[in-house]
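*Asks:* What would the 3D arrangement of this be:
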Amino acid sequence: MSGEHASRRLIDDYARGDATMAADTVWALEAHLETCAPCRGHLAVSVAIEAPDITAVLDTVRAGLEPQLDAAVRAPSRRHRPRWVSAWLTPAMAPWLAMTVVVTLIALLLDAVASPTFFGGASPVLPIAPVLPLCGVAASWSRGMDPAHELTASTARAGLPLLLRRTTAVLVVVLPGLLVGGWLTGTTTAAQWLLPSLAFTSTALALGSVVGVTRAALGLLIAWGVVVVVPAWATGRTPLALRLVLQPDRLPVWGLLLALGIGAVIARRNAYSTL
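*Replies:* Numbers count the residues shown, from 1 in each chain. This next block holds a predicted model:
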């Protein structure tokens, strides 16, 4: 790479399918070609010169497909979706985000109609707020729920950058709703659940580099539900675990977990491309 564009020699080697090119060089070049029209033009010229067999195959395929495409019934036009939507979101996340919003609304409804002792005097928002973002994170890099997962995972921009963008999109949707919910229910401080929420998210991403993001997020979600939410719902009392882990004096511990999770994600940043 030189300056803002790839060198002609590098593009020629790529067009020939040079097996000696380093993998990181290939990925960097492919990522650059996605956003650089001049280099894509050089690549088209280089393919015609350096790999005439590929050009012949493409011409043959095009000649066979064009009559069929002309005769096919055109699909109804769809509304144009900005490129940033595909870069930050996946269609599989929509139902999960909707479910998260619905759960938040249900918690607000319970807070409005339930007796003060239903959750041991605590707002129903407080037990579920720390783990609600995990619902969206579980879907942000899911092989089973994203029909285009294999196509997305094979692109040059896949891996941790794409995962972080999708996780950020989840937090942008979920956290404002929880802030409003906390304000409406009179929850003491946002930090009481906000810091644990971010710590859970970073821990899910860190564990995801080993077992997969979806498994890690769902595992943490289930563990929190078994230890905190279900006992509070069943007994009508604030469980000891909730009193211990969400007290204001425990915030430094959650801050440490958040820092450790971020550090683990950075240390294992290359593992996300092979999940």
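*Asks:* In the stretch 1-150 of the chain, where is pLDDT below threshold?
*Replies:* Within the stretch 1-150 of the chain, the stretches with pLDDT under 70 are 1-3, 72-93, 95-97, 99-100, 103-104, 106-108, 110-125, 140-149.
*Asks:* mind listing the helices in it by residue range?
*Replies:* Per DSSP state H, counting those that start in this stretch, the stretch 1-150 of the chain carries helices over the ranges 8-16, 23-35, 37-50, 52-71, 83-88, 93-113, 125-128, 133-140, 149-153.
*Asks:* From the contact counts, what lies against the fourth one?
*Replies:* Put plainly, it is helix 52-71. helix 37-50 (3 or more Cβ pairs under 8 Å, 6 or more residues apart in numbering; DSSP states H and E). (C-beta placed from N, C-alpha, C; glycine too.)
*Asks:* From L218, how far off is D12?
*Replies:* 47 Å (Cβ to Cβ, to the nearest Å).
*Asks:* do the same with G159
*Replies:* 21 Å.
*Asks:* Only C-alpha atoms, please: export the helix or strand containing L260 in PDB.
*Replies:* Taking DSSP states H and E as the definition, one finds L260 inside helix 251-267. What follows is helix 251-267, C-alpha atoms only, in PDB (Å, rounded to 0.1, in the frame of the first residue of the first chain):
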ATOM      1  CA  LEU A 251     -19.300  -0.200  41.700                       C
ATOM      2  CA  PRO A 252     -15.500  -0.300  41.800                       C
ATOM      3  CA  VAL A 253     -15.700  -4.100  41.400                       C
ATOM      4  CA  TRP A 254     -18.000  -3.700  38.400                       C
ATOM      5  CA  GLY A 255     -15.600  -1.100  37.000                       C
ATOM      6  CA  LEU A 256     -12.700  -3.600  37.400                       C
ATOM      7  CA  LEU A 257     -14.700  -6.300  35.600                       C
ATOM      8  CA  LEU A 258     -15.500  -3.900  32.800                       C
ATOM      9  CA  ALA A 259     -11.800  -3.000  32.500                       C
ATOM     10  CA  LEU A 260     -10.800  -6.700  32.500                       C
ATOM     11  CA  GLY A 261     -13.400  -7.500  29.900                       C
ATOM     12  CA  ILE A 262     -12.200  -4.700  27.600                       C
ATOM     13  CA  GLY A 263      -8.600  -5.900  28.100                       C
ATOM     14  CA  ALA A 264      -9.500  -9.500  27.200                       C
ATOM     15  CA  VAL A 265     -11.300  -8.300  24.100                       C
ATOM     16  CA  ILE A 266      -8.200  -6.300  23.000                       C
ATOM     17  CA  ALA A 267      -5.800  -9.100  23.800                       C
END
